[in-house]
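>>> fold the stuff below for me.
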Amino acid sequence: MDSKETLCYLSIIHGGNQQKIMEAIRSQVQPEEEEVLKEVRKLKSHWVTLLDPDYPSALRMIAMPPIVLFYRGNLSLISDYNRCVSIVGARAASAYGLSMAEKLTHGAASHGYTVISGLAKGIDTVAAQAAMPFGAAVAVLGNGMNNVYPSENGQLQRQIEKGGLLLSEYPDDVKPSPIQFPARNRIIAGLSKATILAEAKIRSGSMITCACALEFSRDVGAVPYRADEESACNMIIKEGAAMIEDVEDLLMMLHGPTGKIL
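Modelled structure (predicted):
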């Protein structure tokens with residue numbers, strides 16, 4: 001039996017839980033081939049494992065890379081992390097934050113970059129919507145792709161499936177769970193040359209994504225806010241993140257002053 005199919009099977013029966021998958025691998029217990037094929041054939045999503053040559057090379061470099069990735073859409077969008085940028089931020093975002101996320105996404109996508117987000121409400125949704133016309137939207141889900149979260153993004157999720165890329169470490173039927181969303185943030189950061197924080201409070205899930213980006217030696221930028229506002233963006237700019245005031249700042253960060261995309 002193909003060892004890659006065994007890995008996929010283990011991911012299915014353990015709901016994408018990386019620790020449990022690793023424990024099963026270490027146990028060296030071989031499941032029945034018939035049972036493996038039965039479960040794998042139920043999947044509606046495509047899948048790729050760490051053993052496959054088309055597994056995203058950028059994720060091989062991060063801590064705890066997903067053993068199996070499930071996807072629907074164009075996997076080539078994440079083949080080169082130098083052409084990928086993640087734009088993340090608050091669910092309850094201000095009009096300013098949403099506007100900046102849209103402008104930055106449009107600018108990046110129009111210059112040939114893939115834009116990665118988590119498909120959450122607010123900043124993530126706007127980033128995905130703005131990247132869609134360019135075929136450049138990637139959404140990393142914290143659940144299996146047979147589920148939609150948040151529910152109001154059902155149409156957008158279907159659009160990305162057809163014209164972009166949906167990605168998850170969780171098999172199709174895994175439902176959303178609070179613990180899974182922080183875990184998926186490492187994938188968003190790991191796939192991207194740079195992570196841009198469009199808006200966030202100091203304690204937020206988006207800050208986890210930025211922390212992962214720094215851990216993985218990726219670039220981090222942030223949109224500046226008023227001095228009298230509680231802003232995680234201002235805090236990380238003070239700590240050395242690039243200040244992103246416009247599309248030109250973002251492009252300078254991504255490919256330097258020569259105008260040549262690396």
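
>>> quick check: end-to-end length of stretch 144-160?
For stretch 144-160, the separation between the terminal residues is 15 Å (Cα to Cα, to the nearest Å).

>>> what's in contact with it?
Identification of contacts with stretch 144-160 by Cβ atoms under 8 Å, 6 or more residues apart in numbering yields 16, 44-45, 70, 72-73, 119-121, 125, 128-129, 132, 137-139, 141-143, 161, 166, 168, 170-176. Placement of C-beta: from N, CA and C, glycine included.

>>> now, which of those residues lie within helices?
Counting by DSSP state H, the part of the contacts of stretch 144-160 found in helices is T125, A128, Q129, E161.

>>> and of those, the nearest to D80?
The shortest approach to D80 among the ones in helices among the contacts of stretch 144-160 belongs to A128, at 19.9 Å (Cβ to Cβ).

>>> run through the residues that contact that closest one.
Counted by Cβ under 8 Å, 6+ apart, A128 has contacts V115, S117, L119, A137, A139, L156, I160, G164.

>>> buried ones only from those, please, as a ChimeraX command.
Buried residues among these (16 or more other Cβ atoms under 10 Å), as a ChimeraX selection:
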select :115,117,119,137,139,156,160,164
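
>>> Y170 contacts I12, correct?
No: in this structure, Y170 is not within contact of I12 by Cβ atoms under 8 Å, at 9.8 Å.

>>> in the protein, which residue is most central in space?
In the chain, the residue lying closest to the centroid (Cα atoms, centre = their mean) is I188, at 2.9 Å.

>>> what sits against it?
By Cβ under 8 Å, 6+ apart, the contact set of I188 is S86, V88, I116, S117, G118, V140, T195, T209, C212.
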